[in-house]
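Asks: Sequence and predicted model, in that order:
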Amino acid sequence: MRRLIVNADDFGFTSGVNRGIVEALTDGIVTSATLMANGPAFEEAVKLAKTVPELSVGCHVMLIDGQPLLDTKKLATLTAARNGGRFPDSLKIFAARALTGRLDSDEIEAESTAQIQRIESAGISVSHVDTHKHTHLFPSVLRPLLRAARACGVHAVRNPFGPRRPLRSGELLARPSLWTRYAEVRILRTLAGKFRRTAKEEGFATTDGTFGVVVTGVLDEKLFRHIAAIIPEGTWEFVCHPGYNDEELQRANTRLRLSRETELRVLTMPEVRDLLADSEIELISYRDLLPQGQPSASKAANPAGR
């Protein structure tokens, strides 16, 4: 059996992103989304989420590229005064701090807790957690994140590591723009074993891995078809970023602009839904990963028609 969660990141980022995510659910194959508790369009996203109860909503914990919810004086290792008290914009800077033990785990846990609780206080049942730019792939971030999630009653987490072959070799060779990203992902994959052990030790449900990270920003129909063809047996996640490239997004700090509209088109194509059905890939949501005994109101999505 092959099961696939299609999760849209950045819910709450802009109005255009919010609208795109809801459309990718109602007209396409998206089953879950992760909400930015400190996103500029958070309140609107909450209202929209309540109109589509079938959407499984998680927390997209931000420790980079944004403003924290807590007082920055309490987050000395996560923020910088010269950056206006914001999180660092550079993933390389964050990674260097994470890998050299310069991030305070209590700060990570406190800020993660605040972000999850803000979503829950808005009346949203948080089904899972992940992080902006997958920062929880670093062990020093993962454990405090899981402590925060468990304290808030959340028991599922994204496995940010992909399979050994996220694309066929021929497709990679044909797209030089993917080579750098692919190399980075391969290097970071050395942390995958530690992630699986930690998630298991902490009692968290997760998937066998994630597709879509390598092709973020360049996804098109052809790439999606190639990915769908190599999804192994098991339960996997496909990470996506649908949305509309409106004026609000153009002013935002992101490299993903026109690509969000391309992804939205791919995710809502009837041919893509048919492809999953023909490949006998069952669409599910993060609610379906909850351990037995945990409440779940979701129904498994059916690629042949939801």
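Replies: Noted; the coordinates are in hand.

Asks: tell me the SS of the residue nearest the centre of the chain?
Replies: The C-alpha lying nearest the average C-alpha coordinate of the chain belongs to residue 9 (CA atoms, centre = their mean; 4.6 Å). Here residue 9 takes the strand state, with states given by DSSP: H, G, I helix; E, B strand; the rest coil.

Asks: got a pLDDT number for the closest residue to residue 204 other than its chain neighbours?
Replies: Nearest non-adjacent residue to residue 204, counting by CB to CB, 6 or more residues apart in numbering: residue 157, 4.9 Å away. C-beta: built from backbone N, CA, C; applies to glycine. As predicted, residue 157 sits at a pLDDT of 98.

Asks: Same check on residue 187?
Replies: pLDDT at residue 187 comes out at 76.

Asks: Please name every helix or strand in contact with the helix or strand encompassing residue 264.
Replies: Using DSSP states H and E, residue 264 falls within helix 258-267. Counting contacts by 3 or more CB pairs under 8 Å, 6 or more residues apart in numbering; DSSP states H and E, helix 258-267 is packed against helix 15-26.

Asks: List of residues touching the helix it packs on?
Replies: 8, 10-12, 30-31, 33, 41, 44-45, 48, 51-52, 54-55, 240-246, 248-249, 260-261, 264, 267-268 (CB atoms under 8 Å, 6 or more residues apart in numbering).

Asks: same deal with stretch 205-213?
Replies: 5, 134, 155-163, 166, 181, 185, 192, 196, 199, 219, 227, 231-232, 234-240, 289-291.

Asks: Among those, which ones are in strands?
Replies: Members of those lying in strands (criterion: DSSP state E): 5, 234-240.

Asks: Quick one: buried ones out of those residues?
Replies: 5, 235-240 (16 or more other CB atoms under 10 Å).

Asks: what's the most distant pair in the residues you listed?
Replies: Pairwise distances across these (CB to CB) peak at 16.9 Å, for the pair 235 and 240.

Asks: For the residue lying farthest from the centre of the chain, report the pLDDT, please.
Replies: Centroid-distance maximum for the chain: residue 82 at 28.6 Å, with CA atoms, centre = their mean. For residue 82, the model assigns a pLDDT of 70.

Asks: Ok, residue 205 next?
Replies: For residue 205, the model assigns a pLDDT of 97.

Asks: Contacts for the longest helix belonging to the chain, please.
Replies: Counting by DSSP state H, the longest helix found in the chain is helix 105-121. Outside helix 105-121, the residues that touch it by CB under 8 Å, 6+ apart are 35, 37-38, 42, 46, 57, 59, 61-63, 68-70, 74-78, 126, 129, 140-141, 143-145, 147-149, 151-154.

Asks: contacting residues around the helix or strand encompassing residue 145?
Replies: Using DSSP H and E, residue 145 sits in helix 139-151. By CB under 8 Å, 6+ apart, the residues outside helix 139-151 that reach it are 59, 61, 63, 98-99, 101, 103, 105-106, 108-110, 112-113, 116, 129, 131, 135-136, 155, 157, 191, 194-195, 198-199, 202-204.

Asks: Next, the angle from that helix to helix 105-121.
Replies: With axes from the mean of the first three to the mean of the last three CA atoms, to 10 degrees as the basis, helix 139-151 and helix 105-121 are set at 40 degrees to each other.

Asks: Going by neighbour count, list what's buried in helix 139-151.
Replies: So, applying 16+ other CB under 10 Å, buried residues of helix 139-151: 140-149.

Asks: would the residue farthest from the centre of the chain count as being in a strand?
Replies: No - assigned with three-state DSSP, residue 82 falls outside any strand and is helix.

Asks: Nearest spatial neighbour of residue 182, chain-adjacent residues omitted?
Replies: residue 214 (5.4 Å).

Asks: okay but that neighbour is in contact with residue 183, surely?
Replies: No - under the criterion of CB atoms under 8 Å, residue 214 is not in contact with residue 183, lying 9.9 Å apart.

Asks: and these two? which has more neighbours close in?
Replies: Using other CB atoms under 10 Å as the criterion, residue 214 and residue 183 rank with residue 214 on top: 25 against 11.

Asks: Alright, I will stop here.
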